[in-house]
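Student: the amino acid sequence is not available; the structure is as follows:
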């Protein structure tokens, strides 16, 4: 597989280390070029809340050192560190746009109180607006070695399936392809979407995936099925702001539930190269 250029966003606490661990596991099967980005916030953000007391240089150096140690333990040899001050969402999005990254990785667990609220909000907004795939890590453990990719047959879903194949092959994970039909009458479309995804995974990546079709609310069913999965992968259709307000992204609503490690795929470079 091609080298994966990862922007790993860290803020201290356990969640940055959890995210580093997930990136490290990818490095077992994929060559990783990792950039660590730490943004020290100014006193206030556009949310209108004050951030906790700024970190000292010693504190920042300490948790960057811990993250680097984790990456080195997994064999990641290509990495650099960027330290910035500013509004975290803006700085992360700007770096992700100009750095040519394959994926942005961030985490949400480990903080408490206001700190946790603010930085979960950062992860949510980065996942919403980044122009590249975003992985939000919530758990340090890899328990089941299973990934689930949700598909509805759309182009966004095909992109997610293709990216799933690359990552699952690198991680050595088993794959479940899930399609949620809104009603029994729509199950035919879900069957086609699942078979198409399974064929892509088999022919492109040599992965024999399990297919599953359920009926109901996409958000509820995806969350139900994610219980024994280490990673949930979804495409993002890029709805307009008005449609996001009225309907909401299924992917964003799954992300907001805080029950799984979630990868939201958009503008996947390996898929785009294949499509051309």
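Tutor: Everything's here; your move. Source: prediction; values computed, not measured. Numbering: from 1, shown residues only.

Student: stretch 76-96: end-to-end distance?
Tutor: End-to-end span of stretch 76-96 (C-alpha to C-alpha, to the nearest Å): 20 Å.

Student: list the buried residues of that stretch.
Tutor: Neighbour-count burial for stretch 76-96 flags 76, 79, 81, 87, 88, 89, 91, 92, 93, 95, 96 (criterion: 16 or more other C-beta atoms under 10 Å). No exception for glycine: its C-beta is placed from N, CA and C like everyone else's.

Student: touching, the fourth one and residue 41? I think so.
Tutor: Okay, so that is residue 87. Yes. In this structure residue 87 lies within contact range of residue 41 using C-beta atoms under 8 Å: 6.9 Å.

Student: and the buried residues of stretch 76-96 as TSV, adding distance to residue 186, secondary structure and pLDDT?
Tutor: Shown next, in TSV, are the buried residues of stretch 76-96 (distance: C-beta to C-beta, whole Å; DSSP: H, G, I helix; E, B strand; the rest coil; pLDDT from 0 to 100):
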residue	distance to residue 186	secondary structure	pLDDT
76	44	coil	92
79	46	strand	90
81	49	strand	93
87	42	coil	84
88	40	helix	86
89	37	helix	88
91	42	helix	92
92	38	helix	93
93	36	helix	93
95	41	helix	95
96	36	helix	92
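
Student: farthest residue from the center of this structure?
Tutor: Ranked by distance from the centre of the chain (C-alpha atoms, centre = their mean), the top residue is residue 185, with 32.1 Å.

Student: am I right that that residue is in a helix?
Tutor: Yes. The assignment for residue 185 is a helix, going by DSSP: H, G, I helix; E, B strand; the rest coil.

Student: residue 7 contacts residue 32, correct?
Tutor: No. If you go by C-beta under 8 Å, residue 7 and residue 32 don't touch, sitting 11.5 Å apart.

Student: residue ranges with poor pLDDT in this structure?
Tutor: In the predicted model, the chain carries pLDDT under 70 at residues 1-2, 12-15, 42-54, 109-120, 139-141, 237-249, 256-259, 268-276.

Student: tell me where the stretch 51-200 of the chain has helices.
Tutor: Assignment of helices within the stretch 51-200 of the chain using DSSP state H, counting those that start in this stretch yields the ranges 57-73, 88-98, 113-129, 155-171, 187-205.

Student: which of the ones you listed sits most buried?
Tutor: Compared across the helices of the stretch 51-200 of the chain, helix 155-171 shows the largest average neighbour count, a mean of 23 (mean count of other C-beta atoms under 10 Å).

Student: excluding residues flanking it in the chain, which one is nearest residue 6?
Tutor: The shortest distance from residue 6 to any non-neighbouring residue, by C-beta to C-beta, 6 or more residues apart in numbering, is to residue 34 (4.8 Å).

Student: list of residues touching the helix or strand harbouring that neighbour?
Tutor: According to DSSP states H and E, residue 34 maps onto strand 32-40. Strand 32-40 has contacts (C-beta atoms under 8 Å, 6 or more residues apart in numbering) with 3-11, 23, 26, 54-55, 60, 64, 67-68, 71, 76, 78-88, 91-92, 95, 99, 101.

Student: what of stretch 88-99?
Tutor: Contacts to stretch 88-99, defined as C-beta under 8 Å, 6+ apart, come from residues 5, 7, 9, 11, 35, 37, 39, 41, 45, 82, 84, 101, 104, 106, 119, 122, 125-126, 129-132.

Student: got the domain boundaries for this structure?
Tutor: According to automatic domain parsing, the chain comprises the domains 4-137, 146-275.
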